[in-house]
Structures are given as C-alpha cells and as structure tokens.
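Trainee: Pasting a predicted model and its sequence here:
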There are 4 protein chains.
Amino acid sequence: MRTGTWLIGARGSVAVTSVIGALAIRAGLTAPTGCVLETPALRERIRPGIGDLVFGGHDLTSVPLEKKAAELAGSGVVPAALAQAVKDDLAAVEQQVRPLPAAATQAGTASAIAADLDRFRRHHDLDRVVVINVSTTEPVPPPHPAHASLAELRTALSDAEPVLPPSSLAAYAALSAGCPYVDFTPSTGARLPALDELAREQGLPYGGHDGKTGETLVKSVLAPMFAQRNLKVRTWSGINLLGGGDGANLAQPGANAAKSASKQRVLPETLGYLPQGETRIDYLEDLGDFKTAWDLVTFEGFLGTGMRMEFTWHGCDSALAAPLVLDLARLTAAAHRAGRAGPLPELAFFFKDPLGEVPHGLAGQWRTLCDLVTALAPEPTP
Amino acid sequence: MRTGTWLIGARGSVAVTSVIGALAIRAGLTAPTGCVLETPALRERIRPGIGDLVFGGHDLTSVPLEKKAAELAGSGVVPAALAQAVKDDLAAVEQQVRPLPAAATQAGTASAIAADLDRFRRHHDLDRVVVINVSTTEPVPPPHPAHASLAELRTALSDAEPVLPPSSLAAYAALSAGCPYVDFTPSTGARLPALDELAREQGLPYGGHDGKTGETLVKSVLAPMFAQRNLKVRTWSGINLLGGGDGANLAQPGANAAKSASKQRVLPETLGYLPQGETRIDYLEDLGDFKTAWDLVTFEGFLGTGMRMEFTWHGCDSALAAPLVLDLARLTAAAHRAGRAGPLPELAFFFKDPLGEVPHGLAGQWRTLCDLVTALAPEPTP
Amino acid sequence: MRTGTWLIGARGSVAVTSVIGALAIRAGLTAPTGCVLETPALRERIRPGIGDLVFGGHDLTSVPLEKKAAELAGSGVVPAALAQAVKDDLAAVEQQVRPLPAAATQAGTASAIAADLDRFRRHHDLDRVVVINVSTTEPVPPPHPAHASLAELRTALSDAEPVLPPSSLAAYAALSAGCPYVDFTPSTGARLPALDELAREQGLPYGGHDGKTGETLVKSVLAPMFAQRNLKVRTWSGINLLGGGDGANLAQPGANAAKSASKQRVLPETLGYLPQGETRIDYLEDLGDFKTAWDLVTFEGFLGTGMRMEFTWHGCDSALAAPLVLDLARLTAAAHRAGRAGPLPELAFFFKDPLGEVPHGLAGQWRTLCDLVTALAPEPTP
Amino acid sequence: MRTGTWLIGARGSVAVTSVIGALAIRAGLTAPTGCVLETPALRERIRPGIGDLVFGGHDLTSVPLEKKAAELAGSGVVPAALAQAVKDDLAAVEQQVRPLPAAATQAGTASAIAADLDRFRRHHDLDRVVVINVSTTEPVPPPHPAHASLAELRTALSDAEPVLPPSSLAAYAALSAGCPYVDFTPSTGARLPALDELAREQGLPYGGHDGKTGETLVKSVLAPMFAQRNLKVRTWSGINLLGGGDGANLAQPGANAAKSASKQRVLPETLGYLPQGETRIDYLEDLGDFKTAWDLVTFEGFLGTGMRMEFTWHGCDSALAAPLVLDLARLTAAAHRAGRAGPLPELAFFFKDPLGEVPHGLAGQWRTLCDLVTALAPEPTP
C-alpha cells in the first residue's frame, strides 16, 4: 500500500508543509487537523493512510528542504519544534527531490520527467505514484491545435517550439509514466482534450483545479445560503491581499487573470446569475505566508429592502493547502486502484474550478465526496 | 384552497411586513424575494400559494395596521409607494385583527381565542387556519407539573393561577380549535408534552422555534464548512446590536437568556463540540428595524496554525422574517391537508432551535425541506 | 453680505444636495449637521452665514434640479419631505443654472463663462461670487508650456487647440471675472503657475483639492496615531466600492489614477514613509450614492510584534461633501473680503490633496482652520 | 542618571515584556518601536534614556522571570532569540524582584514595601526610583472616610481592618519612600485626596490611569474626527475579546465595571454628549496575549443621512503596553528631577482615564505631551 506522492514544486511552501506534516503525523507528533479524510465522518476509510505516503518531487530551485522548513518555522507556518523533530526524515525526502528536467524538445523533457518518476517508484518499491502540481500559477497559455488530439500532440512535442505549458507537460509525462495527475493550481494541467485522451488510454484518473482554501471556500457556502433563502445578491466584491512567493506571482497580470476567473466561478454556478463586482488580488510582501481576504455582499430581501454582509478571512495558505494535498494523494491513489480513468469530478470539494458538471455549493460537493469515499471503501476499515 | 393565517402579534413589525408583502405580491406589485417556496427549485409546488392566504390575528396593542405601515415605510422596511398601493386591502385585514382576549382563568382565555379563530374561519369560509406566533419573546417559564399531561393541563387551566406562558396558551387554544400552530419566536409555544399530546389527539401539525434570519443563518453554513474541512474552531464569539421593539425586549435578562441559548445551539450540533465564546445581544434604539451582528471565529489548521475569520451582518429583521412567515403558513397548511400530526421537524431550515432530531447545518436542512415539499406535492403543479 | 455660490456641475448629486440643504437650513427645517463652521467651536463666527448664500451654476446636462432632487430622495440621500418643502426655492435656483458655454476657442468659452458670472452677480446684487467645481473628475491633463505663464496662457487660449482642461478653464474664467475659485475635485483647477499668477494679479484667493469625505478622512486621523505611538506601519491597503455617476467615472483609468494618487498622499506625509499597499477604486452601480471603503493596516509594535487593524466606512458621499461645499463658500468669501489673494492652504482640513506646505494630520489641519477663522473673524459675532 | 523602575506586578506579561525590551534595546539588539519618546519628534530629549533604567519589583507569584519570558516567546509576544540573548541580564533583574510584603496591619505592609524600595535604591546607587503599578486590575473599593485626609489615613492604616486597596497601599508606600508613583491600571492607586496630600507633602509627582493601548486609543482619534466634522454620532458600541491573565480577571464583574467605565469616558469628553451603546469585555482563554476589539459607530450627516463605520483592532496588549511603561518611567523621573509635585495631567496621552482637566482627543494630548517634553528638556540633547 506504499504510495508515492510526487510534487511538482517540491521545494515550495505548500509542498514542504505537506511533507513535514505527513512525517509528523506518521510519527504521532501532531493531529491531522485540516485533513478532510480524517474528519470523524470519513476517518480510517481510505487506504493509503497518511503514513503510507512516500514523498519526492521536482523543482526549479535548489533551496534545501531543511532551509525552507526553517523559513516556514520563522514565519509561523510550521512549529519550530516539529520541524526539528522530523529533520532526519526530511533529509531522506531531500534525496528524492530532483531538478526539473529541461531537454531540447518537450518530448525529451517529458521522457526525462517520466524516467525520474519510474526511478522513484522502483527505488521505493511503490504500488503507484500520484503526481501533484503545487508549483507557481502559470498564465493561461495560447491555444494550439495539437491540444485537441493526442496523436497531433505527440508529433508536436518533438518540435523545437514548445506546445504545452509546463503544468501540461508535467501531466503528459506523468500520464505517460502510468501516474495519476492532480493539479492543485489554476494552471492548465491535464485539462486539454489530448491529455484526457491519454489518461483514458492509460487507464489513469486525473483531478483539479486550484485548491479551494480561503475566500472561495467561504463563498461556496454563503452563495448557496443566499440562493436557498431566495435573497437576491446585487453585488459581490472581494479583495485578496497576499504575501509570499505565491502573492508575487499572482500580482503578474497573466496569473492574476487566471486566478480571478477561477475565483468568481462559484457565484453564477450557485446563484444562477452573476452579481456585479470583481475579485481583486494584490501582493503585499510583508504579509508573508498569510493572506487576508475581504468580501462585501450587498443583497436585497423582501420588498426590495437592501442589506449587506462583510467577511474577513485571515488565513495561512500553506497551512490550508497542505492537508488537502495529502487527501488528494490518498483519494487519487485509491481511485486508481479501483480502476477509475479520466477526470475525477467527485474531488470538486477541494477545488475552486472543479472538473466536470458538478455541484458548486460546498454542501453538495461534500455529499459527492462522501459518496466517492463509500464507493472506494465500501466498508470502514477497522 | 383559501387558507387563514392568524398572527399572534398581528400589529408588530414582522406581521405587518408579512401582510403588506403578501398583498403586494398578490397584486403583482413586487417579486417574492426572500420567500423560500418561490426559489426556482421549489416554485409553484406548494398550495396554498401566497395569493391564497387570508390574514387576521390577535394583538395586545391597538395601533392601526395603517399607522404601523407608515412607520415601516419611514424606517425603510417597506417602500412607501407599496404601503400606499395596498392600503385598501390592508384596511380589510384590519377588520380581522382583534384584541388578545383575557378572561378570569386561562381556560376562559383559551375559549375566547378559539372562538375568534372559529369566527375568522367561518367569516372567510376558509379551508383551514394556521396560527403563527410572531409576538414578543417571553422569558423561559417556570416548570409546572401540568405541562407533562394533557389531562392535568385541562384541569389546571381552570385555576385562578396561570399555568401556561402566553405562547403556550395560544398554542393550546389554536390546537383546541383545530388549527395547526407555528412558533416563530423562541417562546415555549407548543413545546410541552401536554400540547404535543393535544396536537396528536387533534391530528394537527405544529412547528418552531425561533426564525433563523441573521447571524445564526450564517453560522449554520460556516460551522459545517469548518467541520467538513476538519479545521478546529477554538473560539466563536458574537455580538448582536439591535433596535426596534424586539431589541428592547431582548435586552431584558429573561428574554435575552432564552434567545442566546437558542442562537448557540447550532455550534455543538454541527461541530461536535462547543468552542469558547458567547453570543451577546445589546439593544440600541437608534438602529431601528435594522440589526448588526459581528462574529469572530478563531480556528486552528494544519500543524496547529492559528487563523481567524470575522463577519458582519447588517440586516433588517422584519424583511428577513416576513417572507418566512408566508412560507411557514403555506407549508404547515399543506402538511395539515396531507394528514400530518405532531411536530414538523422538516421545517428546521427556518428555525434557530428546530424541533426533533434534525440536521443543524443549513445544507442538510435544505435537503430535508426539499424532501418535504416533494412529499407534500409529488408533482410540480403546472 | 449676500454671497453667490456658483457651482460647476450644478445639476450633480453633491451640488443639488448642497442647495437643498442650504435652503432647508435657512428655512429652519433641519440642523446644519456636517457643516464644520456650525460646530460649537466655530459657530456664528464666519459671515456670510448659510442663509446668506445665493446659488447658481453651470452644467453640461439639463436634467432639472427638481428631478435630481426626486432621485436623491429616492435613494435616501435627501428626505423626500425636505425636498418637497423647499420646492419653490429650488425652482428659483433652477433659473440660475445655465448650460456650460462652449465657444470656438477656449478664450471665447472663458468669456462666456465670465459673462454668466457677471450677470448672476448683477441680477442678485451680490457682494461677491465664489465659484466651486463639483463636477466629474478629469484625467490628469498633458503638460503644456502655456501652463507656466499667464501671458503665454492668454495667447494660447485663442488657439483652436484646447490648452486647459475644463476645470482650469473654469478657474481662469472665474478669476478673470473677479471670483474666488475652489476645486472640490481632484481635477487640476487653479493649480497651474499661470492661474496662480492670475489669482494674485486679481487679488483673489483660491482653494482645493479633492474634498476629504471618507476613507482619507479616517486615514488622516489614524496615520498620525500610529506615528505618535511610534508603531511601524508595514502595509496599508484599501478598496473603495462606489456607485453613482462619480463611481462610473472614477472607474475610468485616467480619473482613477488621479484619485488614487490623491488618496495615498496622507500616508507618507504623516508617517514619514510610504508603507506597502495600494488604494483601489471599483465601480458598483448598485451601491447608488453610497460608498463602502475597507482598509487593512498591518503594523509592528514593541520587539517587532505584528498587529493589524481593519476599518469599514459606509458613507453617503453626497451627504458628506455637500455641507463642506457650504463651508468652503463661506470661508472663501470671508477670505476674499479680508483681502487674501493666492492659495488658501488653511483649508487643508477639507481636502485630500491640499495646497501648500500644510499639516496632513487632521488635528493639525483643524488647528490651522481654527486659526483662520480667528483671523477672519477676530471676535465671535453676537 | 541611573533610574530605578520598580514594577508592582513584576512577574506579569507587561512587566516582563518591558524589562526584556529595555535590556534588548540597551544591547542594541532591537529598535525602540512603540516607545513614544523615541519618535523622531521627541527622540533623545528626555533623560534618563532607556539604557539608564534599572529594574526591580514586587509580585505575589514566584514564577521566575525566565519562565515567564519563555511563555511570552511561546505565544509570539517576544522573539525567542531575543529572550535568549538577554538571559543573563534578566537573571540579574530576577535578583531584584521580591515577594509583595504582607504584615499584620497595612501600616506594617507599607513599611516593608518602603524598605524594599530603599534597599533597591541603595543597592544600585540610583538617583531615584519610579514605582509603576502593572498588576491585575482591582474592583472599585468601597469609600472610606480616611481616604479624604492624610492624617486620618495614617491613623487608620494601623487598624487591623484594611483601609486601602492594594494599589493605593503601594502608592502610599512609594510616596512615603520618596518615590514617584504611576498607575498603569484602572485601579485606584494615588487617586485619593489623602494620597494627593502625601505626594505634595513629599514633593513627588504621580500619574495614571489605565494605559491606553487599543480600542480606546482608536476612539481617541475617531471621536474628535466626528466632532470636528460636525457629524452626529448616534451609537457607539464595542466588544473586547481578550485572553491571558488580564482577560480572566477583567471578566470578573468588579474589574470589568472599573475597566468599562474607564473606556467610555473618551466619548462624552470629545463629542460633548454620550451616544447610545456600551463597551463589553469578554474573556476567551484561547486568544492568549492577543486582543480583538470590534466597534460599530453609527452616525448622522447632512440632512439626517444615516452612515456607519466599523473597526477591528487585533493587538497584543503586552507589546502595546510595555514600551509605554518605559516612556512613563523616563518622563516621571524627569518630572521629579524638574521639581514637579502632585498629578501629572500632561501624561494624558498614555491613559484611558487621565488625571486632571485635560484634552481627551489624542491630538490635544500629543501637543500637551510635546509641551511637557520641551519644559523638561528645553533643548534637544545632542
């Protein structure tokens, strides 16, 4: 049941927090707070467990995991004592984090990625390896005809000119190597017809997009509330102030557009109409790993009476995202074992911009997730 | 299908807003915003419709409905033009609002109430009359042995000493007169074993308690969100600043205690534990019919990272409550027609402190309500 | 002592609210809430009084004042009963609102404006006329060499090509006609060396810029608080959500840039450094005349401890601006009578982007204003 | 210029944070953020400097300073590295912290306190010792005739029955020992006619009450803003959620009443009237040393238009209070050296409930403080 979790962006905040957390939970040093599969309703159902996960990954940077762990401890994301306690285990993971390959053609790069995945699987004698993208958000890529067909894509990948954005190349490599793929970012990932074709051909499941960790999570419960109460939302505006590396990147117009679009989708899907208002993202280096979001909702009740609601969410993105990465690794591995291929819309609970025709209210997504768990683990494991 | 809606507290803000709204909707002057049975999912299922409702009621005060309507227009709860447009229809309702009877014994008072209900039903040739309590919140009454048995209660009601609080006496009278009873307030109402016995004996349904219109509504979607994400809520504190007559009354310690207890119930029921913190209610005359609630939630995520969320809700209680009164009249009438007797736990969606073993998360309550609608109206009325 | 107040943008929300308010205060129908010269500290010092003001103005649109008054009543800015009560007086003002002239050259337009001002003064036999710009915010104009010298400007105005933005052309016309000029908007107005020269030549005072009515007002007391307590502000971010015509215009990139720059100036001036963060302006039509601003301040205390403050301001811009327009008319008229020429930096209390080297904390601006009142009115008028 | 700072409550959070901070600043390890006398306007004027302060004190508990320092580091109030760096200096202070004496009569206790003060002064060869009360807030004591006269008080102190609350007994002892006294808490301290008499007899200054560190600080700039703009505040309500030992104590009705009264005083003093609303204090253990305050202000502008403002303050009380303790020690010592006796109303800037007839707006208090600094240090020390 030993399952590989290969993280694209393995030296980033989310990845390192996930790894430290999994090591600490396995060692009995901390509770699995924030892990959805460890709520009372779902506990001990899905195998692999957290302790069965084995970590590795790719990254562009070479900052050692230990150094990143110290940074996270300094900024209050990870308790310093915990980082210290899992130091040796973290050093072992360090051995499995490799530089992201870059060959002359994308076909060559994909082969190198796949070779790394294969080596990781054999080295640890793993049942399977789930690849999860937790790297920086990409701009929306320009369309390309080869995105529509696997055959054309295979040909185009041998061109000198890149045809896939990095997240999709990673998905291509993962699926080619027999690994399920999950995109935790808003990047394109496996969301191209050619890659869907590849996943089905290989009998592999894939999931995404864009982990739902803060403002959108709250929206996904408030918007259904307004809808069910037949209150008419006039405006819904939000601003996200974020620091850290993620913030700096999201302040770039391309990534910002990708992210903002992803964040607003929940409103028309749950309300049935799109109220006035925008979701803004601003970068403030001094906020560090924490994020503050403020939303204003103005709405209309009986006889047109105007009312309003505001909320402020002050969260730590890495601490909110990391346990979901563990959940996704476990669920995707279990789905693979159960023979699922193609998109996993039942993971909508985890994502801002889920795959397929799915509920967008959190409650509906929760039920769908519970049903998936039941399908994958018909009886609670004793 | 003409259905009576008899309001205890018929001259109060909620009642008068309900009546004006129903008249205006029937006249096609306004949309049924805030009416749950008029959401796309449930529209045109339940009979009676809003236009089938006929209003009457009791009140201690004698302020004319027209004067109350002017007050509500002045404070922005009801558009002045709408109040003007339904003036004649409102004058007709005025004829059906009577002083709350008061006899020498509670048995005598109950007979007088029942006689008023009977006269109302016959006068308008109504299929049935639903009695809804929207009067001022009472303090929790002292226990009395006669509350436990209908036979003992009948005997005790003839004593000089009162045995029931006013809301329960109204419930007794309503049920005795063959009318279903709903309590929209936190008062005791039909929530006594003797009255449950009476309802079953008479084959009548009853509902309650305490309309969920603001802070608790929001809590009922946020608390499940924290639970499903396995985030540990450390503290949940709230303050409600309210004006109007309701505020003045709720600032009294007795009523305040009844209300605060009702408001906190959602947390342990959905989280599985009670976080630190209290819900306070303060009266500020100058806020008028509007209410501002502020809540602070502090919670713990992965590896114990502390995070926080705040929300402010600025709502108009009458505008939020009034459409629910119309929904409850319709649903309870339909349940009666369908032969339901005893408590209606499926109405939990509407209440802070619902009857029976029911979900406390709003999403679960919504499903239960949808199921009830389906049971009562198997096929959408074309 | 009868003093003309000529409003550029006389049919806009701020202008019409000012006029209705002045008429209602003169008629004893309402209190001068929001008028700074009517605080206990300054009351009955400055002549002219509110009742001495006579109104006229220019506008591009021709919507009658009465219609605008009805709109303002509908959106809750002006009580409907008050608008009704001053109807006849408002109709008299309507006679004095003229279409903004437009000639073949800017010199011609200026002459036509000046002729209107002169006619207004003679018609009402006024001591003096103060011109106040309350029209829509302009983009920052391109620089032009003629802005630097009055002689060059006079020549250039006869060219076919416009050389001044509308606000500066209005200032030129006003000053040429012997009228003091105040700019209540962020537009350029009299803020050009050539116009300063003209004001001094004519012996006329001028004031501006950008009425301080909401978020910046609050900033101007909070920023000095942080400075005096030696707390280090790390980030200060804000978002302004506004409706109405002003909002639509400010959402245009040019005007938005002008306004945002004006709003941030208070921070470096009072803190001594510019913290990270931006002030955003978003347009939401459904907010009407109301505006909601949210600011997040993160700061550092003793031993580097991180702390934070948030505020939300929900104000009605017209109701906040209108009384200041009356104050500015009175103060500028009194300064003119006292022989003041050139900029009036003592009016900084009223503005986001004041003229001259002045305090930017509100308390310092208040003292400067009190000193000005004392200089203009050495002894309280009995 | 070596000046003793004797802290009543020397083992509490505020005291230990002050001491660690002063030691770290003296060692050049951190900046004096939060110290008012170190703002650019006042820097290097007042002697003694922070580095001249020598610490000692009394406490009821015997928890070592080092242990308290570790606690403060654990809860994020003091950086762990800083606490470590000043460990040896802190151990030296530990030697000067003594158990609070308790004799059979209050006269005996006062003598013992005075003896401790004297020993401290001689041991360190100090110019003077300032006593500052930073211990837990007391309930308001019952009145006693001996509070009104020093002669009567001296007699009464020999009775078996206590006549003074602990803070006043400490003040009596301090003044008797020739030490100026400052009360940083809302407790009675030197605020009794008999103790004022003693201070004047001894030629000693005293100061207080109740350090202004959060919500009231913000109120003291916002309330003057509303007043100067002639905006009518209708309601001002607040809730303070606090953890830590201070919170637990303030949740006791007696101390809560003392504190709440102190917090509201700023409103009538600056607005000229008391708006509706209350300030509540709730204890939430899980908030630790941090405090969250939320205030809602509803106000009325021109023509009665209703508007509103909210703010949330999330601060660390110890980090806000500690630097002010250092400022007060320095200023009181300088005032003593300059021959000041009796109350020091010029310290109003630091307090919620200042002594004497003083401005209550922060800006006026700041000017008064600057004037005091100028009086005490006519020329900046180069």
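Mentor: Here it is on my side, so go on.
Trainee: which stretches of the stretch 151-300 of chain A have low pLDDT?
Mentor: A:245-251, A:253-255, A:257-259 (pLDDT under 70).
Trainee: Look through it and state the residue closest to chain B.
Mentor: Residue nearest to chain B within the stretch 151-300 of chain A (C-beta to the nearest C-beta): residue A:221, separated by 4.2 Å. Heads up, the C-betas are built off the backbone N, CA and C, glycines and all.
Trainee: What helix or strand is that residue located in?
Mentor: helix A:215-228 (DSSP states H and E).
Trainee: chain center to the very next helix or strand once past that helix, what's the gap?
Mentor: Per DSSP H and E, the first helix or strand lying C-terminal to helix A:215-228 is strand A:232-242. How far strand A:232-242 lies from its chain's middle: 23 Å, per C-alpha atoms, centre = their mean, to the nearest Å.
Trainee: list the helices and strands strand A:232-242 packs on?
Mentor: Taking 3 or more C-beta pairs under 8 Å, 6 or more residues apart in numbering or on different chains; DSSP states H and E as the contact definition, the neighbouring helices and strands of strand A:232-242 are helix A:215-228, helix A:266-271, strand A:279-283, strand A:290-300, strand C:232-242.
Trainee: before we move on, back to that, the helix holding residue A:221 - contacts with which helices or strands?
Mentor: Against helix A:215-228 (3+ C-beta pairs under 8 Å, 6+ apart) you get strand A:232-242, helix A:253-264, helix A:266-271, strand A:290-300, strand A:306-316, helix A:362-376, helix B:215-228, helix B:362-376.
Trainee: Same list, these, but as TSV with mean neighbour count please.
Mentor: Below are these laid out as TSV (neighbours: other C-beta atoms under 10 Å in any protein chain shown):
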stretch	mean neighbour count
strand A:232-242	23
helix A:253-264	19
helix A:266-271	20
strand A:290-300	24
strand A:306-316	23
helix A:362-376	19
helix B:215-228	24
helix B:362-376	19
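Trainee: hang on, the earlier thing: which non-adjacent residue is nearest the residue of the stretch 151-300 of chain A closest to chain B?
Mentor: In space, and not counting its chain neighbours, residue A:221 is closest to residue B:221: 4.2 Å by C-beta to C-beta, 6 or more residues apart in numbering or on different chains.
Trainee: Look up how far chain B lies from the most far-flung residue of chain A relative to its centre.
Mentor: In chain A, the residue that sits farthest from the middle, by C-alpha atoms, centre = their mean, is residue A:303; the gap is 42.6 Å. Going from residue A:303 to chain B by C-beta to the nearest C-beta, to the nearest Å gives 6 Å.
Trainee: give the contact list for that residue.
Mentor: Shown in contact with residue A:303 (C-beta atoms under 8 Å, 6 or more residues apart in numbering or on different chains): B:17, B:20-21, B:24, B:30, B:33, B:77-79, B:82, B:319.
Trainee: ok, it to chain C distance?
Mentor: Distance from residue A:303 to chain C, by C-beta to the nearest C-beta: 15 Å.
Trainee: quick one: secondary structure of that residue?
Mentor: Secondary structure state of residue A:303, per DSSP: H, G, I helix; E, B strand; the rest coil, is helix.
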